[in-house]
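[1] fold the following for me, if possible:
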Amino acid sequence: EKARSVIDQNVGKELSRELLDVAYGVHIIANANMVRAVKAVSTYQGRDPRDFSMLAFGGSGGVHAVEIARSLGMKRVIVPISAGVFSAIGLIYSDVALTLSRACIEIVDDIDHDQITGAYDELEDEIISHLSIDRKLIIFHRHADLRYVGQAYELTVPISDGLLTRETVISLTEAFETEHEKTYGHRFPGEKAVQIISLRLTGTVIPEGNRSIDPLTTLRATGKKLQEDTRLAYFGPELGRLETTVLPSRAMIGDIPREGPLVIEEYEGTVVVPPGAKASLDEWANIVIDIDSTADNLAGSIKQIDPYRLEVIKNGFDTIADEMTLIILRTAYSAIVRDTMDFSTAICDAEGQTLAQGLTTPMHLGSFYDAMQQLIKQYDGRIDSGDVFIGNDPFTAAGQHLPDIFIILPIFIDDILQGWATTIAHHCDV
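    Presented below is the predicted three-dimensional model:
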C-alpha cells in the first residue's frame, strides 16, 4: 500500500494519470533501460540478439523478459529452474577454472611460433601449480588478444588446440579480421598490420561424478498438490485488465503449452507470459516462452504518445547513438578520439534536428544543425538510400575547424527519408 501511495502521489497526480497506467509506465521504462544493457553485450559486441534465446533469471527476470525480448526481435525466453537463486546454483555447479595471461606485443607476421609455444607452456605450468592438480585432470583452451597496429582496444580470438605451427600463428590474422568485421562492420585485409598484445590460457578442472539433476520428477510430484487460480492483470492501455491464469508452480504447466496471459508465481520468482506468447516445460524443467513477434504490445502503445512511451522512444535513439560512439571509440587510431573522446555522434530527424547524441564530448553538437541544413539545401531532391555525405566546410558548420570532418548517412524507411546518422571526428580517423 505504501508503494501504491508513493507512486500515486508523486507520479500519478503530477501526470493526471491512473495508478495502473503509471505503474505500467514505470514497467516499460525499466524494460527500455534493460534493453540498452542487453545491447551492451550483444549488438555492441557484433552479435545480433535475434540469433539467440534470452535466459531470464533473478526474482523479477521473468516479469520483464518477454517484453525485452520482443523489443530486440528475439523469439524465445528461457526461465531456468530456481531462477531467483540462479547465481547461487551456478556457483555450486560451475566448473573450477583459472585464466592467466601474458603480455606478448608482437606483429603477427613477425612472431616466432616457438616463442608463443614457450609462453603457453609456461602459463600451463603456472595454472597446474595454482590449481594443485594433475595435468590429466585439466582441459586447456588458448586465446590471444589482437588489434590493428595503432588501435587501443583488442579483440580476443581462440587459438586451435594441438601443436602450434607457423601456419597456426599466421591464421590468427584471418581470425582477428573476421571478428573485427563481425564486431565493427569492416576490416583491412592486407592493408594494416595485426598485432598480438597478450596470450591467454584457461585451465578447467574436469568435474568428478555426475552433476546432473532430474527436476521434472520432483516438480510433477509437487504440482499434483497445488491448485491454479485466476485474477485480473493489467497488460497496458490497449489490452487493459485481462482475466489471467495464475499458477503457483511451473510444474502445473504440464505437457501441453499454455497460452498467455499467464502468471507463474514461484517461491523465489515470478514469470509473466503476456498475450501473444505461450509457455511450455522442457526436459530440464526450464520454462520455455515462445513469442509471437506480431503481438508487440509496446509497438501498438506507441500510437498513443505519453510520457512513458516518449521515454522509451528516446531511450531507443540514445542506444543507437551510443552504439555509434562505441564503434568509433574502439576502432580509432587517434589518441584524440580514444583518450579524450573529442568526437561526436548523433541521430537527427529528416529536417536535421538532433534527436539523440552519443556519450562523447558535446562541443560539436551545435554544429550538426547548420551542417545538416546546408546539406539538405544543397542536395534537396538528389538524396538517395545508400548515399554517404562527407564534408568539412567550416563556414557552413558553425565554425568547426578544417580537421573536423562530418560523415552523414541518410536513413530511409519505405523509400522515404526519415532521418540521418551523423558523426564528426578528426580527419585522421575517417
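[2] could you list the residues in contact with stretch 168-175?
    108-109, 111, 113, 116, 144, 146, 157-160, 194, 196 (Cβ atoms under 8 Å, 6 or more residues apart in numbering). Every C-beta, even on glycine, is put in place using the N, C-alpha and C of the backbone.
[3] farthest-apart pair in these, please.
    109 and 158 (19.6 Å; Cβ to Cβ).
[4] for residue 389, see how far away the closest residue to residue 331 other than its chain neighbours is.
    Leaving aside its sequence neighbours, residue 331 sits nearest to residue 184 (Cβ to Cβ, 6 or more residues apart in numbering; 5.2 Å). Going from residue 184 to residue 389 by Cβ to Cβ, to the nearest Å gives 21 Å.
[5] what do you get for residue 322?
    In terms of Cβ to Cβ, residue 322 sits 22 Å off from residue 389.
[6] these two: who's more crowded?
    Higher neighbour count among residue 322 and residue 389: residue 322, with 20 against 17, using other Cβ atoms under 10 Å.
[7] for that one, helix, strand, or coil?
    Assigned with DSSP: H, G, I helix; E, B strand; the rest coil, residue 322 falls in the helix class.
[8] so residue 198 sits in a strand?
    Yes - counting by three-state DSSP, residue 198 is part of a strand.
[9] thought it was touching residue 102?
    Yes - applying Cβ atoms under 8 Å as the test, residue 198 and residue 102 come out as touching, 6.4 Å apart.
[10] wait, a helix at residue 195?
    No - counting by three-state DSSP, residue 195 is not part of a helix but strand.
[11] that one: what's it in contact with?
    105-108, 146-149.
[12] could you do residue 228 as well?
    245-248, 252.
[13] cool, and residue 265?
    Neighbours of residue 265 in contact, by Cβ under 8 Å, 6+ apart: 246-248.
[14] between those, which is nearest residue 178?
    Closest to residue 178, out of all of the contacts of residue 265 and judged by Cβ to Cβ, is residue 247, at 45.7 Å.
[15] helix/strand/coil for the nearest residue to that closest one once chain neighbours are set aside?
    Spatially, and ignoring its direct neighbours in sequence, residue 247 is nearest to residue 264 (4.8 Å; Cβ to Cβ, 6+ apart). With three-state DSSP as the basis, residue 264 sits in strand.
[16] quick check: residue 264 touching residue 287?
    Yes - counting by Cβ under 8 Å, residue 264 touches residue 287, with 6.8 Å between them.
[17] what do these two both touch?
    By Cβ under 8 Å, 6+ apart, the residues touching both residue 264 and residue 287 are 62, 250, 253, 271, 279.
[18] for the stretch 151-300 of the chain, what spans make up the helices?
    Secondary structure of the stretch 151-300 of the chain (DSSP state H, counting those that start in this stretch): helices located at 166-184, 215-223, 297-301.
[19] worst average pLDDT in these?
    Looking at those, the lowest mean pLDDT belongs to helix 297-301 (a mean of 45).
[20] tell me the pLDDT of residue 379.
    91.
[21] now do the contacts for the residue nearest to it when sequence neighbours are not counted.
    Nearest non-adjacent residue to residue 379, counting by Cβ to Cβ, 6+ apart: residue 389, 7.4 Å away. By Cβ under 8 Å, 6+ apart, the residues touching residue 389 are 375, 379, 406-410.
[22] residues contacting residue 203?
    Neighbours of residue 203 in contact, by Cβ under 8 Å, 6+ apart: 97-99, 124, 127-128, 131, 138-140.
[23] any idea how far residue 262 is from it?
    44 Å.
[24] can you pull out the low-pLDDT segments for the stretch 101-250 of the chain?
    Scanning the stretch 101-250 of the chain for pLDDT under 70 picks out 218, 220-224.
[25] and the strands in it?
    Using DSSP state E, counting those that start in this stretch, the strands of the stretch 101-250 of the chain run over 138-148, 155-159, 194-205, 229-234, 241-247.
[26] ok so, going back, quick one, which of the contacts of stretch 168-175 are buried?
    For the contacts of stretch 168-175, a burial check counting by 16 or more other Cβ atoms under 10 Å picks out 108, 111, 116, 144, 146, 157, 159, 194, 196.
[27] of the residues you listed, just say which sits nearest to residue 73.
    Nearest to residue 73 among the buried ones among the contacts of stretch 168-175, with distances taken as Cβ to Cβ, is residue 157, at 27.3 Å.
[28] surely that closest one meets residue 143?
    Yes - checked against Cβ under 8 Å, the pair residue 157 and residue 143 is within contact range at 6.7 Å.
[29] OK, contacts around the residue nearest to residue 233 when sequence neighbours are not counted?
    Leaving aside its chain neighbours, residue 233 sits nearest to residue 244 (4.0 Å; criterion: Cβ to Cβ, 6+ apart). Contact partners of residue 244, counting by Cβ under 8 Å, 6+ apart, are 230-233, 261-263.
[30] so how many other residues sit close to residue 335?
    11.
[31] what does residue 420 give?
    Count around residue 420 with other Cβ under 10 Å applied: 25.
[32] helix, strand or coil for it?
    strand.
[33] need the per-residue pLDDT for it.
    93.
[34] that one contacts residue 372, correct?
    Yes - if you go by Cβ under 8 Å, residue 420 and residue 372 touch, sitting 6.5 Å apart.
[35] quick check: neighbours shared by these two?
    348, 352, 408.
[36] among those residues, who's most crowded?
    Ranking these using other Cβ under 10 Å puts residue 348 first, with 24 neighbours.
[37] so which helix or strand takes in that residue?
    Residue 348 is part of strand 344-349, with elements assigned from DSSP states H and E.
[38] in CSV, list the C-alpha atoms belonging to the helix or strand following that strand.
    Downstream of strand 344-349, the first helix or strand assigned by DSSP H and E is strand 354-357. These are the backbone C-alpha positions of strand 354-357, laid out as CSV (Å, rounded to 0.1, in the frame of the first residue of the first chain):
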residue,chain,number,x,y,z
THR,A,354,19.2,16.4,-33.3
LEU,A,355,17.2,13.7,-31.6
ALA,A,356,19.9,11.9,-29.7
GLN,A,357,23.6,12.2,-29.1
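[39] so what strands line up beside strand 354-357?
    Here strand 354-357 is paired, per DSSP bridges, with strand 344-349 (antiparallel).
[40] chain center to the strand it pairs with, what's the gap?
    Centre-to-centre, strand 344-349 and its host chain are 21 Å apart (Cα atoms, centre = their mean, to the nearest Å).
[41] flag every buried residue along it.
    344-348.
[42] how many neighbouring residues does residue 360 have?
    Neighbour tally, residue 360, other Cβ under 10 Å: 25.
[43] just give the nearest non-adjacent residue to residue 341, would you?
    residue 360 (4.8 Å).
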